[in-house]
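K.L.:
The following block contains a protein sequence and its predicted model.
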Amino acid sequence: MLNGKSSNAKRICAQIQDCLTSVKNCCRLIVIATTSMPHLIDASFKQGSRFSYEIYIGVPSEKERIKLIQGFCGILNINVKSNIVSYLAKLTPGYTAADLELIFKEIHNESNLISELEMGILSGTILLIAKYPASSLRSGIGQVITKSESCSATTLGGLTNVKLMLDICIKWPLVHPKAFKYFAVPPPKGVLLYGPPGCGKTSLVRSIASSANLNVLTAMAAELYSPYLGVTEANISQLFQRARANVPAVLFIDEIDSLVSCRSEEKKGSSGFDDRVLSTFLIEMDGITNDTEHGQGVVVVAATNRPDNIDTALLRPGRFDRQIYVPPPQTIEERFNILHTIVNNPEQSMPLSDSSILNEVALMTDRFSAADLTSVVKEAGLSCLTKDGLKTFTTVKKEHFEDALANVKPSLSEEQILWQEICITTFLLDKKITLLQDILNKQGVRTVQYELLQIEGAVSAPSFQYRVTDGRFVAYGQGKSKKEAKQHAAKALLRIILKEFPELCSDPLFVSQIDFTSDLNDTFETMNFGDNDERNPIGMLQELCTSLHLPPPVYITECEDGLPHQRLFTVSCNVSDYKETGIGKSKKIAKRLAANNLYLMLKSIQADLSLNSKAAENVDDFVRQQSSNLSGLKNSKSTSQFYRLPEIHRHLPLTDGPCYNDLKQMDDEQMYSCNAKLVLDSFTAEQGLKAEFIDFEELSSTGKYQTSLQVSTPITVAFHGESTISYEEAQQDAAYRSLVFFKCILKNRALNGVQVT
């Protein structure tokens with residue numbers, strides 16, 4: 001009546017406004033108005049002294065519902081124990097006083113329910129509660145998932161880590177509110193489930209309704225969309241208002257990427273529809289307040305199979321705090337667990353002739369999602385029914401599953417899986433720098449420095465390497481772009497921090513953002529090799545072993561599994577004491593996967609094993625400063641030059657001797673003016689080391705002679721030398737650099753009190 005839109009309503013509003021204005025002169029008259037839709041009231045009524053105060057009367061909390069139930073029981077003379085009252089209050093989230101009054105009137109009309117309540121039997125009362133849902137849930141935007149429509153978490157095979165994360169984000173704040181308050185951990189407002197279609201994202205949310213006393217509202221993005229101006233924004237506001245009116249509640253929005261996609265330059269010239277919808281959604285998300293201690297709160301759960309299309313504003317803290325990857329079943333064991341759960345449904349199990357059938361079906365269902373596996377089981381049952389099930393009740397056999405597999409094809413092709421992995425990898429990379437900065441801020445570290453070290457490869461396929469440091473730790477990252485390399489470096493530093501501060505491991509929410517169910521970046525690197533793949537991980541591993549002076553790789557076929565038409569080969573790749581395996585549909589694919597896995601493993605520990613690249617690079621950085629480097633060494637344990645040397649060279653087995661002491665006593669002028677090759681020859685001979693010069697046949701781009709000096713310690717370290725005069729001068733330059741290297745080690749040993757033999 002007070003929206004003032006029509007001409008008749010405007011006249012009524014004007015009359016009421018005049019009356020309200022005149023009321024202020026009457027000291028004993030107070031006007032009280034009620035509404036369930038305050039957003040429809042004309043703004044003029046909230047101005048001046050018309051309606052001076054606005055009081056929001058929300059849905060009763062659990063404690064308030066206990067008092068209401070006790071009051072109704074007292075009025076109706078029903079003697080109910082306090083624990084029964086508390087249980088009924090937990091079963092009625094979102095119920096108003098009028099809703100509870102309706103239920104207890106029905107109980108009062110049926111004498112058997114009264115006697116059951118007094119005896120502690122709640123079956124009839126629970127059915128009555130299900131018959132009369134909360135009034136705010138009976139109509140409006142979104143669908144309510146009742147317990148009868150939900151599915152138990154035990155009926156969902158696999159996804160153990162995902163179920164745990166959902167429990168931590170949704171159920172734990174309600175079950176353990178005091179613990180969250182004690183540790184000052186705010187409950188998450190939003191959870192984003194992402195992964196390929198058919199992997200159980202929607203079913204996971206449905207399981208929440210059965211496992212927790214929560215109101216679960218669901219809405220598809222298409223249901224909220226409207227072509228009319230302002231209607232989509234209004235639908236979003238009404239949906240959130242409905243969720244807030246039924247706390248504690250879970251609001252589930254499916255296919256959210258189609259509702260709030262990324263803002264881009266191409267969309268700036270449009271009508272601004274996407275920006276308005278996104279702004280409305282952000283405002284509603286920011287308006288959520290979770291009081292879990294009193295059972296009040298809304299958790300927004302969204303699902304998408306395109307996380308890279310979600311606007312980054314939604315992924316910031318306070319909105320979708322947690323992003324959980326819901327993967328497809330990737331192993332035979334995971335597929336078996338899903339099949340076993342489907343076949344042994346608590347409501348109706350499927351009779352099998354042999355329990356080992358599921359093992360063979362799991363082996364034959366590569367790339368099948370959870371939804372595909374459900375279809376396979378249904379088709380197998382239908383095949384058994386149509387062949388001989390109508391006449392005699394029989395069991396489902398292997399041939400029935402083979403018929404089903406002939407009709408049901410995997411919904412995820414190799415191209416789709418590859419595309420999903422690319423999207424997910426991009427999405428994960430975008431999180432690492434932000435997450436690293438958040439963690440360092442909590443630890444009081446304000447500065448993170450990123451440094452581009454090198455660019456390698458052809459112009460069409462470059463490779464970038466970044467170094468990141470927070471002043472305490474150093475990590476490296478490599479990628480096909482600067483952004484990817486920088487993100488990988490941030491991820492590596494996160495892992496170091498997690499290792500150095502084990503107390504962070506007690507926060508599974510933090511750990512989940514570093515490593516989800518698996519290392520998806522490594523999965524993307526290792527799982528996409530086919531027979532026609534242009535990459536050659538075998539050659540890449542061979543080159544890496546050569547550069548690290550490791551023995552050549554040895555490949556062994558360890559296992560062959562599966563049916564003749566669906567073989568799986570296991571090949572191991574062995575280099576020295578390191579071993580990795582690969583599994584593929586052919587020996588070639590398995591061999592390439594094993595080589596790539598070992599290549600990635602050796603690259604991850606190259607900081608300790610590196611010979612030419614890391615050692616030469618680290619030494620070359622400070623040796624170029626020549627004598628100024630030595631004079632800059634400080635008498636402290638934090639000598640910056642020394643910490644730039646590879647860790648393994650700090651503990652070289654050097655022995656005391658004349659050349660050892662001469663080198664230790666040399667100053668920078670003596671070292672610069674001496675015959676570096678002769679000094680190096682004497683030093684290496686005394687220490688039992690081997691030095692070898694390798695001259696480059698071609699001059700550098702600036703016309704300089706170049707040579708490489710390799711000094712064999714427990715491993716080999718290389719030094720670069722160059723000169724515009726001759727190869728002899730280049731060798732002197734390389735020898736000088738090696739002396740600086742050993743001088744730094746000897747000086748630091750003296751400062752740290754390291755004894756020599």
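P.N.:
Everything's here; your move. Everything numeric here is computed off the predicted structure, so don't read it as measured data.
K.L.:
what's the distance between Thr572 and Gln330?
P.N.:
Actually, residue 572 is Ser. It isn't Thr. Computed as CB to CB, to the nearest Å, the Ser572 to Gln330 distance reads 20 Å. Placement of C-beta: from N, CA and C, glycine included.
K.L.:
For the helix or strand harbouring Glu333, name the packing helices and strands.
P.N.:
According to DSSP states H and E, Glu333 maps onto helix 332-343. Counting contacts by 3 or more CB pairs under 8 Å, 6 or more residues apart in numbering; DSSP states H and E, helix 332-343 is packed against helix 357-363, helix 370-384.
K.L.:
CA atoms only for the first one, dumped as PDB, please.
P.N.:
Output of helix 357-363 as PDB, limited to C-alpha atoms (Å, rounded to 0.1, in the frame of the first residue of the first chain):
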ATOM      1  CA  ILE A 357      32.500 -58.000 -11.400                       C
ATOM      2  CA  LEU A 358      32.900 -54.400 -10.100                       C
ATOM      3  CA  ASN A 359      36.700 -54.700 -10.300                       C
ATOM      4  CA  GLU A 360      36.600 -55.600 -13.900                       C
ATOM      5  CA  VAL A 361      34.000 -52.800 -14.600                       C
ATOM      6  CA  ALA A 362      36.200 -50.300 -12.800                       C
ATOM      7  CA  LEU A 363      39.100 -51.300 -15.100                       C
END
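K.L.:
Next SSE downstream of the helix or strand of the chain with the lowest mean pLDDT?
P.N.:
Within the chain, no helix or strand scores below helix 520-526, which has a mean of 33 by mean pLDDT, DSSP states H and E. Downstream of helix 520-526, the first helix or strand assigned by DSSP H and E is helix 537-547.
K.L.:
Report the next helix or strand after that next one in sequence order.
P.N.:
strand 554-561.
K.L.:
relative to helix 537-547, how tilted is that following strand?
P.N.:
Interaxial angle, strand 554-561 versus helix 537-547 (axes from the mean of the first three to the mean of the last three CA atoms, to 10 degrees): 150 degrees.
K.L.:
how far out from the middle of the chain is whichever helix or strand comes after strand 554-561?
P.N.:
Moving toward the C-terminus from strand 554-561, the first helix or strand encountered (DSSP H and E) is strand 568-575. Centroid displacement of strand 568-575 relative to its chain, using CA atoms, centre = their mean, to the nearest Å, is 30 Å.
K.L.:
what are the pairing partners of strand 568-575, and which direction each?
P.N.:
The pairing partners recorded for strand 568-575 under DSSP bridges are strand 554-561 (antiparallel), strand 578-584 (antiparallel).
K.L.:
can you list the residues that contact that strand?
P.N.:
363, 541, 545, 550-562, 579-587, 589-591, 593-595, 597-598, 602 (CB atoms under 8 Å, 6 or more residues apart in numbering).
K.L.:
Show me which of those are buried.
P.N.:
The neighbour count (16 or more other CB atoms under 10 Å) marks 363, 541, 545, 550, 553, 555, 580-584, 587, 589-591, 593-595, 597-598, 602 as buried among the contacts of strand 568-575.
K.L.:
Enumerate every residue touching Lys102.
P.N.:
Let me fix one detail, which is that residue 102 is Leu and not Lys. Contacts of Leu102 by CB under 8 Å, 6+ apart are Tyr132.
K.L.:
Tell me the buried residues in the host helix or strand of it?
P.N.:
Using DSSP H and E, Leu102 sits within helix 97-109. Of the residues in helix 97-109, 99-100, 103-104, 107 count as buried by neighbour count, 16+ other CB under 10 Å.
K.L.:
got CSV for the residues you listed, with pLDDT and distance to Lys491 too?
P.N.:
Below are those laid out as CSV (pLDDT from 0 to 100; distance: CB to CB, whole Å):
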residue, pLDDT, distance to Lys491
Asp99, 86, 50
Leu100, 87, 52
Ile103, 85, 53
Phe104, 84, 57
Ile107, 82, 58
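K.L.:
Next, count neighbours for the closest residue to Met350 other than its chain neighbours.
P.N.:
Leaving out its chain neighbours, the residue that sits closest to Met350 by CB to CB, 6 or more residues apart in numbering is Val343, at 4.7 Å. Other residues near Val343 come to 20 when the count uses other CB atoms under 10 Å.
K.L.:
which residues touch Val343?
P.N.:
Here Val343 is in contact with 349-350, 352, 358, 377 (CB under 8 Å, 6+ apart).
K.L.:
and the next element down the chain from the strand or helix carrying Glu223?
P.N.:
Using DSSP H and E, Glu223 sits within helix 221-224. The helix or strand immediately downstream of helix 221-224 is helix 231-244, counting by DSSP H and E.
K.L.:
Give me the contacts around that following helix.
P.N.:
Contacts to helix 231-244, defined as CB under 8 Å, 6+ apart, come from residues 39, 58, 136-137, 140-142, 215, 217, 219, 223-226, 249, 251, 273, 276-277, 280-281, 284, 287-288, 298, 300.
K.L.:
please redo it, this time with the cut-off set to 6 Å
P.N.:
140-142, 217, 219, 224-226, 249, 251, 276-277, 280-281, 284, 298 (CB atoms under 6 Å, 6 or more residues apart in numbering).
K.L.:
of those residues, closest to Ala492?
P.N.:
Phe281 (34.3 Å; CB to CB).
K.L.:
my guess is that closest one is in a strand, correct?
P.N.:
No: under DSSP: H, G, I helix; E, B strand; the rest coil, Phe281 sits outside any strand and is assigned helix.
K.L.:
Do I have it right that it meets Val260?
P.N.:
Yes: using CB atoms under 6 Å, Phe281 is in contact with Val260, at 5.2 Å.
K.L.:
Mind telling me what element the residue lying closest to Phe180 once chain neighbours are set aside is part of?
P.N.:
Once flanking residues are discounted, Phe180 sits nearest to Pro173: 5.4 Å by CB to CB, 6+ apart. Here Pro173 sits within helix 172-175, counting by DSSP H and E.
K.L.:
Past that helix, which element shows up next along the chain?
P.N.:
With elements assigned by DSSP H and E, the helix or strand that comes after helix 172-175 is helix 177-182.
K.L.:
so how far is that following helix off the chain centroid?
P.N.:
24 Å.
K.L.:
and that helix, which residues are buried?
P.N.:
In helix 177-182, counting by 16+ other CB under 10 Å, buried: 177, 180.
K.L.:
What of stretch 676-695?
P.N.:
If you call a residue buried by 16+ other CB under 10 Å, then stretch 676-695 has these buried ones: 676-677, 679-680, 683-684, 686-687, 689, 691, 693.
K.L.:
Give me the residues contacting it.
P.N.:
With contact meaning CB under 6 Å, 6+ apart, stretch 676-695 is reached by 654, 657, 659, 663, 707-712, 727, 731-732, 735-736, 738-739.
K.L.:
Which ones among these lie within strands?
P.N.:
707-712 (DSSP state E).
K.L.:
what about burial for these, which qualify?
P.N.:
Among these, those classed as buried by 16+ other CB under 10 Å are 707-711.
K.L.:
Just the closest of those residues to Asn309, please.
P.N.:
Nearest to Asn309, judged by CB to CB, of those is Ser708 at 49.3 Å.
K.L.:
Skipping its backbone neighbours, what lies nearest the closest one in space?
P.N.:
Ile694 (4.6 Å).
K.L.:
Confirm that the one you found sits in a helix.
P.N.:
No: counting by three-state DSSP, Ile694 is not part of a helix but strand.
K.L.:
Look at it and report its pLDDT.
P.N.:
Ile694 is assigned 83 on the pLDDT scale.
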